[in-house]
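**Q** 3D model of this:
(one chain, ligands or ions: 1)
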Amino acid sequence: MRLLIIGCGSIGTTLAKAVDEMPEIDRIYITDKSKVCAGHLVEKLHKVIYVDNSDESLSRIVGEIDLVVEAASQEAAKHFVPFFLDKGVDLMMMSVGSLADDDFRKRCFDLARSRGCRLLVPSGAVTGTDGLHSASAGAIDEVLLITTKGPKSLRTIPFLKERGIDVDRLEEPTVVFEGSAREAVSIFPRNMNVAATLSLLGVGFEKTRIRIVCDPKGERNTHRIIVRGPFGEMSSTTNNVPFPKNPSTSYLAALSAVAAIRRIIDNVWIGI
Ligand SMILES: NC(=O)c1ccc[n+]([C@@H]2O[C@H](COP(=O)([O-])OP(=O)(O)OC[C@H]3O[C@@H](n4cnc5c(N)ncnc54)[C@H](O)[C@@H]3O)[C@@H](O)[C@H]2O)c1
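**A** I've put the predicted structure just below:
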């Protein structure tokens, strides 16, 4: 199997290192708008080939790729997801927050269906998606996500500044946002991939409720999900360790990409 990884940051680097060790993976193309980020992977890993980030260069290798992994940014997803789906290539995306844009999501879903390729979204930084997925085969009354983060990953959010919330001056855990997933993904675009994943699996962006808590002493990104429906009630808490250089991204998100690749490669799927 041959992969293209777009984005060599926290997730892309972890994934490239893991798939480099997998015997089923023959070749790993990587690209990044910053060649410096990609350069160290080319030096360290065995199967990695750097490709220039231009459409022309990427079009040239389309016939040699079985799966593209987008691990870059929402802006990159907006360009590259339809770009590769249109060419009939399977694509796994990490910047799932971009699918909150209804027109973009419809375009991507239509392309995957009409071109006969797969659009895959790993569970990312949250657990309990298996239960939510099962519950969604019936009716769901409520999905609530309570995300707790430290000030580091919230201090640049204009919405909070406009409301006079200085996350560095909070003395105790404080609710800084409560609303729909639709509102949350536009206000906290880098933080809200989890809200998008849950919305897509469950009751949609309008009905999924989001509460964001800033914990001044919080070092971890915690996601608690509560789902209620005729099946009963489910809750799941994920206490995530962030990447040291990138507090917005949890290590589990990168592991979910690695696990998804293992699942794609294997013929036996447990707990789907
Ligand atoms: N699904 C989830 O639960 C989840 C969890 C964490 C992060 N994410 C998302 O995954 C994506 C990657 O996260 P990360 O922490 O690895 O980010 P990162 O900032 O550590 O790395 C992103 C890399 O992508 C590159 N890049 C950005 N735009 C690009 C473009 N247009 N073309 C090529 N390269 C580009 C950057 O130069 C950088 O090296 C982000 O969008 C993030 O929001 C999703």
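**Q** Tell me the buried residues in stretch 114-123?
**A** 117, 119, 120, 121, 122, 123 (16 or more other CB atoms under 10 Å). Backbone N, C-alpha and C define where each C-beta goes, glycine included.
**Q** Make sure residue 66 is actually in contact with residue 2.
**A** Yes. Judged on CB atoms under 8 Å, residue 66 makes contact with residue 2 at a distance of 5.3 Å.
**Q** Please report how far residue 163 lies from residue 184.
**A** To residue 184, residue 163 is 15 Å away according to CB to CB, to the nearest Å.
**Q** typo on my end, residue 164
**A** 19 Å.
**Q** Among the two, which residue is more densely surrounded?
**A** For residue 164 versus residue 184, neighbours defined as other CB atoms under 10 Å are more numerous around residue 184 (29 against 6).
**Q** how about the nearest residue to that one, chain neighbours excluded?
**A** In this structure, residue 184 finds its nearest non-sequential neighbour in residue 210, 4.1 Å apart by CB to CB, 6 or more residues apart in numbering.
**Q** do the same with residue 170
**A** Leaving out its chain neighbours, the residue that sits closest to residue 170 by CB to CB, 6+ apart is residue 216, at 4.6 Å.
**Q** Provide the secondary structure category for that neighbour.
**A** coil (DSSP: H, G, I helix; E, B strand; the rest coil).
**Q** ok, residue 154 - contacts?
**A** 160, 167, 176, 188, 191, 212, 214 (CB atoms under 8 Å, 6 or more residues apart in numbering).
**Q** ugh, wrong one, I meant residue 139
**A** Counted by CB under 8 Å, 6+ apart, residue 139 has contacts 229, 230.
**Q** Tell me the residues of the stretch 101-250 of the chain that contact the ligand?
**A** 124, 125, 190, 193, 194, 197, 246, 249 (CB under 6 Å from any ligand atom).
**Q** can I get the residues you listed in JSON lines with secondary structure and pLDDT?
**A** As requested, these are exported to JSON lines (DSSP: H, G, I helix; E, B strand; the rest coil; pLDDT from 0 to 100):
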{"residue": "124", "secondary structure": "coil", "pLDDT": "97"}
{"residue": "125", "secondary structure": "coil", "pLDDT": "96"}
{"residue": "190", "secondary structure": "coil", "pLDDT": "74"}
{"residue": "193", "secondary structure": "helix", "pLDDT": "93"}
{"residue": "194", "secondary structure": "helix", "pLDDT": "95"}
{"residue": "197", "secondary structure": "helix", "pLDDT": "97"}
{"residue": "246", "secondary structure": "strand", "pLDDT": "86"}
{"residue": "249", "secondary structure": "strand", "pLDDT": "91"}
